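1. give me a 3D structure for the following:
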Amino acid sequence: MGGDSLSWGGFARKSLNEGEEVALKNPDTIEAFKMLKRSYRKKKMKEMGLTEDVYKETNPHPQEIIEFPSVLVNSRTGQLEDCFQMYVRPTHYNLLSDFCKSLTGIQQSQLVSFCISAVLMA
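-> Purely as a prediction, here's the structure:
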């Protein structure tokens, strides 16, 4: 499946296999995510990477997500059904730290193609 990728609104999904990009089996997965309660989405968002490694020392506000991976696992079989990864353009901290770049592999020049968080969470 390597090399096959889909992108909607500036974000792409990647498989759990070594970051290999794959097409979603079911594009409705994104719509299903949007239907989750906001409190659940916020809980999951706290587990994601932030744009500033300074967070550990200064706890900047607002915090921004730049990478939002998700997986869909069948609760009966434990099998991975689908996965995707979205990238979000930061609006408050628009310069990526070296830590962020090394952690995510995202380069500063790529930010322009990412969707903005208001669009992603709408």
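
2. every contact and neighbour count from this point should use C-alpha atoms.
-> Fine.

3. for stretch 99-115, which positions count as buried?
-> Cys100, Leu111, Phe114, Cys115 (16 or more other C-alpha atoms under 10 Å).

4. wait, what's in contact with Asn107?
-> Rather than Asn, residue 107 is Gln. Neighbouring residues of Gln107 by C-alpha atoms under 8 Å, 6 or more residues apart in numbering: Leu96, Lys101.

5. one more: Thr77?
-> The contact partners of Thr77, by C-alpha under 8 Å, 6+ apart, come to none.

6. would you list the phi and psi of it?
-> Dihedral pair for Thr77: phi -100, psi -20, per degrees, to the nearest 10.

7. local confidence estimate at it?
-> With respect to pLDDT, Thr77 scores 84.

8. and Leu16, by the same measure?
-> For Leu16, the predicted pLDDT is 38.

9. same check, this time on the one 10 residues further on
-> What the model reports for Asn26 is a pLDDT of 52.

10. quick check, Leu72 in contact with Gln85.
-> No. If you go by C-alpha atoms under 8 Å, Leu72 and Gln85 don't touch, sitting 11.7 Å apart.

11. more crowded one of those two?
-> Applying other C-alpha atoms under 10 Å to Leu72 and Gln85 shows that Gln85 carries more neighbours, namely 18 against 14.

12. partners of that one in the sheet?
-> Pro69 (DSSP bridges).

13. so it versus Thr77, what's the distance?
-> Computed as C-alpha to C-alpha, to the nearest Å, the Gln85 to Thr77 distance reads 23 Å.
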